[in-house]
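Colleague: Next come a sequence and a model predicted from it.
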Amino acid sequence: NIADGVFSPLEGFVGQEDFQSIVSKGRLKNGLAWTVPIVLDVDDQTAAKINQAGDVALASSGERFAILHVDEIYGFDKLAVAKTIYQTDDTKHPGVEKTIGMKEKLVGGKINVTRRIAQSPLRRYRKTPSETRAEIARNGWKTVVGFQTRNVPHVAHEMLQKAALNLYDGLFVNPLIGRKKQGDFKDEVILASYEALIDNYYPKNKAMFVTLHTEMRYAGPKEAIHHSIMRTNFGCSHFIVGRDHAGVGTYYHPFAAQEIFKDYTDLAIKPVFFPAFYYCKKCLSYANERNCPHGPEVREELSGTKMRKMVSSGEIPADHLMRPEISRLIVSFKEPFV
């Protein structure tokens, strides 16, 4: 992701000054917006070896793929960093738990890729920012709205995405593929579900489906900014930020991920705040508070959490909640959850 420009303007793992600035200010030391540190953690023994080597090879599953030009090695206060990034020091928070479990030292330096990681079924929709920008240009899209997800699509998601298509030239559906918390849908289930949705229910040449291979951090508002910057790099002009974006449990206010954009008016991408869609039993259709006068007693709210609970209990969502093709597909997986 660093080498391909997904994390632009970063050219490697951040050094200490950038790290401290990101944690304390939500910006790089040069003032550019950046809210989530991209780091490489190593133990003390490895740090000593790296310090002597200067340049080191990075490997995945025993295969070397990049050279890290080491600039510095530094320590950090895990608990203080976790509390600032995630706004809690509760170790039940998956981001805090991961931070506390990191190794003692961080390595900063630029990266040069020497070999591309081999394609796999989960990477079949992966594209680089240069590739997506070229495709956007070929399509003639002047405005592109990005949609982030870590869930299978329910009908409220579909309605939201299609509402966005009424306002912008193209829709960039960008599910996150990577480490998730227990109970989330598996990556292969998300991919198969969106294949079914886009192939059957979206106009041709209006929606681009590209996977983003990184982990969920569950950093709420700070991760919303991080997600928007990545979508800028892919070529989006706008980015949908929903209720409790990148949240987990009750750690963040439901609209904190929208409010934080007031502090980042310098971003090249514009956030889009759609009111949540729900099924109105009086309107007999999907609606939101802008176009439906009815109260909560006749509303059927949808969420990724609700869909996960229904599927995990063996309940097949009704057709007005989830497309039947997608429901059937999900239950065809022996174990659809992480």
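Modeller: Yes, it's here. Residues are numbered from 1 along each chain as shown.

Colleague: Buried ones in the helix-or-strand element of the chain with minimal mean pLDDT, by neighbour count?
Modeller: Lowest mean confidence among the helices and strands of the chain (mean pLDDT, DSSP states H and E): helix 304-312, at a mean of 88. Buried residues in helix 304-312, counted by 16 or more other C-beta atoms under 10 Å: 304, 307, 308, 310, 311. For the C-beta atoms, the positions are set from N, CA and C on the backbone; glycine is no exception.

Colleague: what about the helices in the protein?
Modeller: Using DSSP state H, the helices found in the chain span residues 16-25, 44-53, 78-86, 94-100, 129-139, 155-165, 187-201, 221-234, 256-259, 304-312, 324-332.

Colleague: Looking at those helices, spot the one closest to residue 7.
Modeller: Closest approach to residue 7 among the helices of the chain (C-beta to C-beta): helix 221-234, 7.1 Å.

Colleague: and the angle from that closest one to helix 129-139?
Modeller: With axes from the mean of the first three to the mean of the last three C-alpha atoms, to 10 degrees applied, the angle from helix 221-234 to helix 129-139 works out at 60 degrees.

Colleague: what packs against helix 221-234?
Modeller: With contacts defined as 3 or more C-beta pairs under 8 Å, 6 or more residues apart in numbering; DSSP states H and E, helix 221-234 has these neighbours: helix 129-139, strand 144-149, strand 170-177, strand 238-240, helix 256-259.

Colleague: Using TSV, lay out the ones you listed together with mean neighbour count, mean pLDDT and distance to residue 160.
Modeller: Below are the helices and strands packed on helix 221-234 laid out as TSV (neighbours: other C-beta atoms under 10 Å; pLDDT from 0 to 100; distance: least, C-beta to C-beta, whole Å):
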stretch	mean neighbour count	mean pLDDT	distance to residue 160
helix 129-139	15	98	21
strand 144-149	24	97	8
strand 170-177	23	96	10
strand 238-240	24	99	7
helix 256-259	19	97	14
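
Colleague: Using a markdown table, lay out the ones you listed together with distance to residue 271.
Modeller: A markdown table is the format used below for these (distance: least, C-beta to C-beta, whole Å):
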| stretch | distance to residue 271 |
| --- | --- |
| helix 129-139 | 19 |
| strand 144-149 | 10 |
| strand 170-177 | 14 |
| strand 238-240 | 6 |
| helix 256-259 | 7 |
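
Colleague: max-length strand in the chain?
Modeller: Looking across the chain with DSSP state E, the single longest strand is strand 63-75.

Colleague: How about the contacts made by residue 126?
Modeller: If a contact means C-beta atoms under 8 Å, 6 or more residues apart in numbering, then residue 126 has 119, 177, 210, 211, 213 as its contacts.

Colleague: switch the cut-off to 7 Å
Modeller: 211, 213 (C-beta atoms under 7 Å, 6 or more residues apart in numbering).

Colleague: cool, and residue 332?
Modeller: Counting by C-beta under 7 Å, 6+ apart, residue 332 has no contacts.

Colleague: now it: how far from residue 266?
Modeller: Using C-beta to C-beta, to the nearest Å, residue 332 is found at 46 Å from residue 266.

Colleague: Also residue 74?
Modeller: Counting by C-beta to C-beta - residue 74 and residue 266 are separated by 28 Å.

Colleague: Which one's more surrounded, these two?
Modeller: residue 74 (15 against 9; other C-beta atoms under 10 Å).

Colleague: Please tell me I have it right and residue 308 contacts residue 183.
Modeller: Yes. With contact defined as C-beta atoms under 7 Å, residue 308 counts as touching residue 183 (6.4 Å).

Colleague: Beta-bridge partners for the spatially most central residue of the chain, please?
Modeller: Centroid check for the chain by C-alpha atoms, centre = their mean gives residue 176 as the closest residue, at 4.9 Å. Per DSSP bridges, the residues bridged to residue 176 are residue 212.

Colleague: and it, what does it touch?
Modeller: 148, 150, 212, 214, 216.

Colleague: ok, for the second one, nearest residue in space, not its chain neighbours?
Modeller: Spatial nearest neighbour of residue 150, chain neighbours left out: residue 176 (5.0 Å); criterion: C-beta to C-beta, 6 or more residues apart in numbering.

Colleague: I'd like to know how far the one you found sits from residue 182.
Modeller: 16 Å.

Colleague: Let me know the pLDDT of the residue nearest to residue 203 when sequence neighbours are not counted.
Modeller: Excluding its sequence neighbours, the residue lying closest to residue 203 (C-beta to C-beta, 6+ apart) is residue 165, at 7.7 Å. Looking at residue 165, its pLDDT stands at 95.

Colleague: these two touch, right, residue 165 and residue 206?
Modeller: Yes. With contact defined as C-beta under 7 Å, residue 165 counts as touching residue 206 (6.0 Å).
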